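1. just a sequence and a predicted model for now, questions to come.
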Amino acid sequence: MTQLIAHQGDITRYPSDVIVNAANSSLLGGGGVDGAIHRAAGPELLAECRTLGGANTGEAKMTDAYGITSAKKIVHAVGPVYSGALTDADLLAACYRNSLDLATGYTSIAFPAISTGVYGYPIAEASAVAVRTIRAWLEAHPESPLEAVTLIAFSDADFAVLSEAIA
């Protein structure tokens with residue numbers, strides 16, 4: 001049975017087969033977790049991302065992890081800019097589903113709180129979407145070798161919200 005856990009820390013140092021990047025549509029780096037992942041992975045990540053042609057909101061694409069030695073792969077998921085529309089939750093859920101689909105064959109995946117930084121998605125709402133989507137995906141894929149799905153929070157406040165959503 002796959003464990004769904006919350007962890008507080010730096011996703012670039014978290015030991016997981018796959019880590020997810022809260023990317024922008026260019027996939028070429030930015031602020032927040034996106035910038036941290038690009039800095040930690042090094043210039044090879046940017047070079048590979050340049051070959052991917054960007055991604056639409058809700059989509060995800062996979063690269064090698066390069067300088068992030070605690071992971072094998074990075075999934076770059078483009079979350080929605082929060083508007084309060086019903087489609088926001090659908091697009092955010094698609095990020096989680098598409099990331100999990102790409103991680104097929106791996107035993108662990110770690111997600112940041114996608115869209116909750118500069119994209120403005122309220123952390124409690126985003127956490128509920130993440131947990132609901134991950135649980136539904138795991139239920140629909142009982143053959144998945146995933147042993148752990150981790151939601152990574154950088155701040156104390158976000159960790160508390162993520163922990164509550166999982167509980």
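-> That came in fine, so what should we check first?
2. and the helices in the protein?
-> Ranges of helices within the chain are 32-41, 43-50, 86-102, 123-140, 156-166, based on DSSP state H.
3. I figured residue 52 was touching residue 59, is that so?
-> No. Assessed by Cβ atoms under 8 Å, residue 52 is found out of contact with residue 59, at 10.2 Å. For glycine as for every other residue, the C-beta is placed from the backbone atoms N, C-alpha and C.
4. looking at the two, which is more packed in?
-> Neighbour comparison, residue 52 and residue 59: the larger count goes to residue 59, with 18 against 14 (by other Cβ atoms under 10 Å).
5. I'd say the more buried one and residue 98 touch.
-> Yes. Counting by Cβ under 8 Å, residue 59 does reach residue 98; the two are 6.1 Å apart.
6. any shared contact partners between the two?
-> Applying Cβ atoms under 8 Å, 6 or more residues apart in numbering, one finds that residue 59 and residue 98 are jointly contacted by residue 77.
7. picking up where we left off before, can I get the helices of the chain in a markdown table including distance to residue 17?
-> Formatted as a markdown table, the helices of the chain follow (distance: least, Cβ to Cβ, whole Å):
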| stretch | distance to residue 17 |
| --- | --- |
| helix 32-41 | 15 |
| helix 43-50 | 17 |
| helix 86-102 | 11 |
| helix 123-140 | 16 |
| helix 156-166 | 20 |
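8. possible to save those as TSV with mean neighbour count?
-> Shown next, in TSV, are those (neighbours: other Cβ atoms under 10 Å):
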stretch	mean neighbour count
helix 32-41	20
helix 43-50	16
helix 86-102	20
helix 123-140	18
helix 156-166	17
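9. identify whichever of those helices lies nearest to residue 13.
-> helix 32-41 (8.0 Å; Cβ to Cβ).
10. that closest one packs against which elements?
-> Here helix 32-41 touches strand 18-23, helix 43-50, going by 3 or more Cβ pairs under 8 Å, 6 or more residues apart in numbering; DSSP states H and E.
11. try it again with 6 Å
-> strand 18-23 (3 or more Cβ pairs under 6 Å, 6 or more residues apart in numbering; DSSP states H and E).
12. need the pLDDT of residue 153.
-> We have a pLDDT of 97 for residue 153.
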